[in-house]
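Trainee: Fold the following, please.
(2 chains)
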Amino acid sequence: MKKARSAAKEAEKISTFFNIYRDTDSDSIGPEGVERLCADLGLDPADRRVLLLAWKMGAQRMGYFSRGEFESGARALKAADAKSLRRAALGLEDEVAAPAALLAFATFAFKFCLTEPRQKVVDRETAAQMLHIALPRTEPHLEPFTRFLLEQSEYKVLSLDQWVGFLRFTQEVAADCSNYDENTAWPLLLDNYVEWRRREDAGGGAPMEES
Amino acid sequence: MNDRRPIELETGWSYMENGIKKLKRLLEEEDEQQFSAEQYMQMYTTIYNMCTQKPPHDYSEALYDRYKQAFSLYIDEKVLPSLRDHRDEFLLRELLKRWNNHKVMVRWLSRFFNYLDRYYIQRHSLHSLQDVGLMRFRDEVYVEMKKKAKDAILALVEMERDGEQIDRTLLKNVLGIFIEVGMGSMDTYDADFEAYLLAESAAYYQRKAAAWIQEDSCPDYMLKAEECLKAEEERVVHYLHVTTKAKLLRAVETELLAKYETRLLEKEHSGAAALLRDDKKDDLARMYRLFLRIVKGLDPVADVFKRHVESEGMKLVREVTEAAAAKKEKDAGKLSRDTGSAHEQQFVRAVIDLHDKYMQYVADCFSNSSLFHKALKEAFESFCNKQVAGSSSAELMANFCDNLLKKGSLEKLSDEAVEETLEKVVKLLAYISDKDLFAEFYRKKLARRLLFDKSASDDHERSILARLKQQCGAQFTSKMEGMVNDLQLAREKQQQFDDWKQAGEKELPIELSVNVLTTGFWPTYKAVDLALPREMVEGVEQFKEWYEGTTKHRKLTWIYALGNCSLKANFDVRPVELILSTFQAALLLLFNNEGGADETLTYADVKERLNLPDEDVMRLLHSLACAKYKVLLKEPNTKTIGKSDSFRMNTKFTDRLRRIKIPLPPVDEKKKVIEDVDKDRRYAIDAAIVRTMKSRKVLQHQQLMLEVVGQLQRMFQPDFRLIKKRIEDLIQRDYLERDKDNANQYRYLA
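Mentor: Predicted coordinates:
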């Protein structure tokens, strides 16, 4: 009996929490509400932890939270106000330290970028930005790969397959690419990346400046 | 008579002893008569009696023993002393003599004592009299003398090797002893003689080889080696046992050939590479014969052969590329039609000749060995796929065929020569990995030959298609065959059109003939929207009318670029018949207006009225105003067409011929062909991937790659990267997916 009542109370608190930010003419939180929420959370909207929250909530659309998504997410995180939600967000960072969770989160991040209906690929600039948010800063391949991605011109967009391929790459391939085997099923994009890396590391480097 | 008292042992034995003494004297060649039949009978009977007497007078055992001893005594007495006294060849002779003597002794004694063989020996499973006799010699003579005998034999062998004559029969017979004392097994001969022979032979040839390799050239060395091997084989035939042959030859081959193979082959001025360079076929044949004997001995030779052929081929490639580059420099600025095509022809010819030459080598020198066929194939594959003067071999070969097959070809060959050459070219095609590229170039050229009636012989056309079909499969030639058939059908259609016109009393101001081609068979052509001259419009409309009456399911697309036209131009001096392309005719007809002969049109006018792109307009105007026959006058009178030029008819034009052909150089189709082939390859790879995955459902990455390459190999060598890219594309299009549990595996999506 006690549990049912406290559960109901909890649900009400969360609902109230949701209503602070909800849109005036729909039962969801829109971009404006998200901005206010972030402010209350003390987080920049482009902060990784905000994306983590979106992931936990199963948000389908970038910049929006439906009531269902928000409330079920808040319930799972046991957060009924801004302070506890912020705490939960910070905790999520630990959760995605584990490879499997990171993979799931980063895959979500890609799909989150598919804003147009029937969109299946993400342009490389957006992809590069999203990689910087989704992956931990300590990932050794993050910086070189995004640089490579923007330098090369063979692929102007990234597919989910290539994205997931890269995520697996970060987990399986050494920082200096020494254990990479291009005769396996890695996407061609990554074959190109490794080749580029090998040239760079051998001293290909940037063109000399005129003195 | 009844009183047959048993013979006492000593009594009987002393009687036998007399016989034995007599026998010994015979053997020592002392004056002695041979045994008479009576004496022999008495000897035999004595033994018989002594064996059949009742105990205790049955003396079989004692007699058997004394039989044995008879030999030992004689050996001790006479045989061994004599042998110990002899050396070298004399020892061998003496040994042989004593051996033969012994055999005689055994023969006689075993006859005398024969009765023992019948019962006593059988009953007690003892050695027969023959064997006993043999074993006595073996254990008492042979064992002591075998080493000296062996040394003596080997000394003679070495003498013979050094060129001296020796008594072969003696050796054969002495070795016969070694064999016979083995009593059915070769072990004695092997251990007491053969092993030493092999060791000494190896040592002997090791010494020789070490000297020869320094002094002799490769061919000279090989000659010596071959002679030695022949001599050793003969040696076996004449006096060694047949089982020695293989082992002896192996030992000699190892010392002479196996150990020095690398040094021999690599000798700078006379090694394998040099022999190939200098066309020394006999030496090469010898090399083949010799190294055939060594396990994997031919591999290095085949390798040298391959590298030689490869370098000869690469030389051709370089020569042609350089010559073409030089010519290009010389011709810089000139709008030359076929840059370096003469060189191209030469290249293909030279490759054919190279192939013939070295095929002959494989047959003559290398006994058609598959190892050398493979080396030749790999050599050709390596240089035939290099770019030559900026073109691929596939293109060059297609051009070569075109030259052979078209009318007015520079090569005036007999029918047989043409057939033979075509056969060789098709064979060379096997070495080209981009066969689909060849097919496409060939098809383009074939189209021109067929449509412009430039084919010299229908038989040759069909013959080469048959050869290509046989070599590369029906799919390779199906489109080309379609093209040839189309023309036949087109002629029929033309006849039908003419009949229809006549029946309907439809007259045309011009004579029109149309070739209806099946789109899928012919190369793709840009459909250009030429503004037809009014004179031609009516003809085209009429044909359309007739055609649409014959079929509801086909659509016609008009390719005027492939048409040709004959115009009668009324110049001031006299009329001249001009043979030109339809485009050129359309251009000239722009001047055929009421404005009269003085009408001037600018470049812009021409372009607008013809409705053609710049590149075509430039080409057309150039061919009419700046080339050999200037039927148009250009203002300003420069050598190239400018966009601000203006043109008018050259009414004063004339030529001594009544009928001239104004050529229009064809556009360089090379880039388009390569593009088309690349496109086709993408489809082919996609199809192969889908086909494979559909049948296997789940497949590992490397296996998929191998399958796809295997399927496409007949037409081209697919690039791994390209296959990977197509796989990813197919994943995007939901034909396949990556296996969730194994990232290196793919699954087919139904």
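Trainee: Got phi/psi on B:D85?
Mentor: phi -90, psi -10 (degrees, to the nearest 10).
Trainee: Show the pLDDT at it.
Mentor: With respect to pLDDT, B:D85 scores 90.
Trainee: same check, this time on the one 3 residues further on
Mentor: What the model reports for B:D88 is a pLDDT of 90.
Trainee: same deal with B:L170?
Mentor: pLDDT, B:L170: 94.
Trainee: The residue in chain A positioned nearest to chain B: how many residues sit nearby?
Mentor: Nearest residue of chain A to chain B (C-beta to the nearest C-beta) works out as A:A185 at 3.7 Å. For every residue, glycine as well, the C-beta is placed using N, CA and C. For A:A185, the number of neighbouring residues by other C-beta atoms under 10 Å in any protein chain shown comes to 21.
Trainee: what's the closest non-adjacent residue to it?
Mentor: Nearest residue to A:A185, sequence neighbours excluded (C-beta to C-beta, 6 or more residues apart in numbering or on different chains): B:H701, at 3.7 Å.
Trainee: again with B:N114
Mentor: Counting by C-beta to C-beta, 6+ apart, B:Y44 is the residue found nearest to B:N114 once chain neighbours are left out, at 6.4 Å.
Trainee: ok, how many other residues are close to that neighbour?
Mentor: 16.
Trainee: Test my guess that it contacts B:F112.
Mentor: Yes. B:Y44 is within contact range of B:F112, at 5.7 Å (criterion: C-beta atoms under 8 Å).
Trainee: And for the residue nearest to A:A185, the neighbour number?
Mentor: The burial count for B:H701: 19, using other C-beta under 10 Å.
Trainee: Let me see the contact set for it.
Mentor: Going by C-beta atoms under 8 Å, 6 or more residues apart in numbering or on different chains, B:H701 touches A:183-185, B:744-746.
Trainee: if we can go back for a sec, tell me if the residue nearest to B:N114 really is in a strand.
Mentor: No. Applying DSSP: H, G, I helix; E, B strand; the rest coil, one finds B:Y44 to be helix, outside a strand.
Trainee: picking up where we left off before, the residue of chain A closest to chain B and B:D729: what is the separation?
Mentor: A:A185 sits 14 Å away from B:D729, going by C-beta to C-beta, to the nearest Å.
Trainee: now B:S125
Mentor: 88 Å.
Trainee: from the middle of its chain, how far away would stretch A:51-59 be?
Mentor: Stretch A:51-59 sits 9 Å away from the centroid of its parent chain (C-alpha atoms, centre = their mean, to the nearest Å).
Trainee: now stretch B:257-268
Mentor: Distance, centroid of stretch B:257-268 to centroid of chain: 24 Å (C-alpha atoms, centre = their mean).
Trainee: likewise stretch A:137-151?
Mentor: 15 Å.
Trainee: for stretch B:225-233, same thing?
Mentor: Using C-alpha atoms, centre = their mean, the offset of stretch B:225-233 from its chain centre is 30 Å.
Trainee: model confidence over it, on average?
Mentor: Mean pLDDT, stretch B:225-233: 95.
Trainee: Assign B:M159 to helix, strand or coil.
Mentor: Following three-state DSSP, the label given to B:M159 is helix.
Trainee: What sits closest to B:D190 if chain neighbours are left out?
Mentor: B:T243 (8.0 Å).
Trainee: The helix or strand containing A:E69: what's the following helix or strand?
Mentor: According to DSSP states H and E, A:E69 maps onto helix A:67-77. Note on helix A:67-77: by DSSP H and E, the next helix or strand toward the C-terminus is helix A:82-95.
Trainee: ok, and for that following helix, which residues are buried?
Mentor: A:82, A:85-86, A:88-89, A:92 (16 or more other C-beta atoms under 10 Å in any protein chain shown).
Trainee: For the chain, give me the ranges with low pLDDT.
Mentor: Picked chain A for this. A:1-3, A:204-211 (pLDDT under 70).
Trainee: try again with chain B
Mentor: B:1-4, B:332-340, B:409-411, B:594-597.
Trainee: got the residues of it near chain A?
Mentor: B:701-702, B:720-721, B:724-725, B:727-728, B:731-732, B:738, B:743-746 (C-beta under 8 Å from any C-beta of the partner chain).
Trainee: Need the max-distance pair from those residues.
Mentor: B:Q702 and B:Q732 (21.5 Å; C-beta to C-beta).
Trainee: the more surrounded of those two?
Mentor: Each of B:Q702 and B:Q732 has its neighbours counted (other C-beta under 10 Å); B:Q732 has more, 15 against 12.
Trainee: Ramachandran angles for the residue nearest to that one when sequence neighbours are not counted?
Mentor: In space, and not counting its chain neighbours, B:Q732 is closest to A:S159: 5.6 Å by C-beta to C-beta, 6+ apart. Backbone torsions of A:S159, given as degrees, to the nearest 10, read phi -100, psi 170.
Trainee: A:S159 against A:K120, yeah?
Mentor: Yes. The criterion here is C-beta under 8 Å, and A:S159 meets it with A:K120 at 6.6 Å.
Trainee: neighbour count winner among those two?
Mentor: A:S159 (20 against 13).
Trainee: On the strand side of things, show who that one bridges to.
Mentor: Per DSSP bridges, the residues bridged to A:S159 are A:V121.
Trainee: quick one, what contacts it?
Mentor: A:S159 touches A:120-121, B:728, B:731-732, counting by C-beta under 8 Å, 6+ apart.
Trainee: Neighbours of B:K208, how many?
Mentor: Counted with other C-beta under 10 Å, B:K208 comes out at 17.
Trainee: actually B:K630, not the one I wrote
Mentor: Neighbour tally, B:K630, other C-beta under 10 Å: 15.
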